[in-house]
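*Asks:* have a look; sequence and predicted model below, questions after that.
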Amino acid sequence: MIRKTLKKTSKHKKLQAFIKKAKIPREYLSANRTMISRGVLIGLFIAFIPMPMQMAAVLLFVPFIKFNVPIGLAMCWLSNPITMPPMYYVEYLTGSFLLGIKPQPVEMTLQWFSNNIDKIFIPLYFGTAIFSIFGSISGYLLVNYLWKLSVQRDKKKYYKNR
């Protein structure tokens, strides 16, 4: 379903005119399994990292890896102002647990963060590395699996209706 929608949307006349006018390389907008799953991989990897300007970080990968850029940008929106505190807290708790460090009681104030950044930095980014790596690889594999499943269903439906 989503596969067909992406393919249909990518062929829309207004989008094609915009791509031509802005001189955007078509491969960064292609809606095939490889490009979409790579976009999910890059976007989720960046989404789990606590840092400003995550969308710019996704764009830094463009010269090195070909992926669907809009999908990559959309995936980095997984971490938004509503989801960031619980995501980063779970990453901090995971990092603390895996490193064997007793977690600090957290207060949601800038003063607390500035006073305790040296105590939470390593466990937070260790947990971030775990979630970034495993989360992005899981997303990549899930998209590949669902895409192939969708193609198989369409083939069965096509041959059944013949």
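*Replies:* On my side now, so go ahead.
*Asks:* how much space between the spatially closest residue to residue 70 that is not a sequence neighbour and residue 66?
*Replies:* Residue nearest to residue 70 in three dimensions, not counting chain neighbours: residue 29, with 6.8 Å by CB to CB, 6 or more residues apart in numbering. Every residue, glycine included, has its C-beta placed from N, CA and C. Residue 29 sits at a distance of 11 Å from residue 66 (criterion: CB to CB, to the nearest Å).
*Asks:* the more surrounded of those two?
*Replies:* residue 29 (19 against 16; other CB atoms under 10 Å).
*Asks:* right, and residue 42 touches residue 67 too?
*Replies:* Yes. Between residue 42 and residue 67 there is a contact at 5.5 Å, judged by CB atoms under 8 Å.
*Asks:* which one of the two has more residues nearby?
*Replies:* residue 42 (28 against 24).
*Asks:* without its sequence neighbours, what residue ends up closest to the more buried one?
*Replies:* Sequence neighbours aside, residue 72 is the residue nearest to residue 42 in space, at 4.6 Å (criterion: CB to CB, 6+ apart).
*Asks:* the one you found: how many residues sit nearby?
*Replies:* Neighbour number of residue 72 under other CB under 10 Å is 29.
*Asks:* next structured bit after the helix or strand hosting it?
*Replies:* Assigned by DSSP states H and E, residue 72 belongs to helix 69-76. Next helix or strand after helix 69-76 toward the C-terminus (DSSP H and E): helix 84-99.
*Asks:* elements contacting whichever helix or strand comes after that next one?
*Replies:* With elements assigned by DSSP H and E, the helix or strand that comes after helix 84-99 is helix 110-160. Under the contact criterion of 3 or more CB pairs under 8 Å, 6 or more residues apart in numbering; DSSP states H and E, helix 110-160 touches helix 2-10, helix 33-47, helix 84-99.
*Asks:* then the second one to CSV, C-alphas only?
*Replies:* What follows is helix 33-47, C-alpha atoms only, in CSV (Å, rounded to 0.1, in the frame of the first residue of the first chain):
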residue,chain,number,x,y,z
ARG,A,33,13.1,-0.5,-1.7
THR,A,34,16.8,0.2,-1.4
MET,A,35,16.5,4.0,-1.3
ILE,A,36,13.6,4.0,1.1
SER,A,37,15.2,1.5,3.5
ARG,A,38,18.5,3.5,3.4
GLY,A,39,16.6,6.6,4.2
VAL,A,40,15.0,4.9,7.2
LEU,A,41,18.4,3.7,8.3
ILE,A,42,20.1,7.1,8.2
GLY,A,43,17.1,9.0,9.6
LEU,A,44,16.6,6.6,12.6
PHE,A,45,20.3,6.6,13.3
ILE,A,46,20.4,10.3,13.6
ALA,A,47,17.0,10.5,15.4
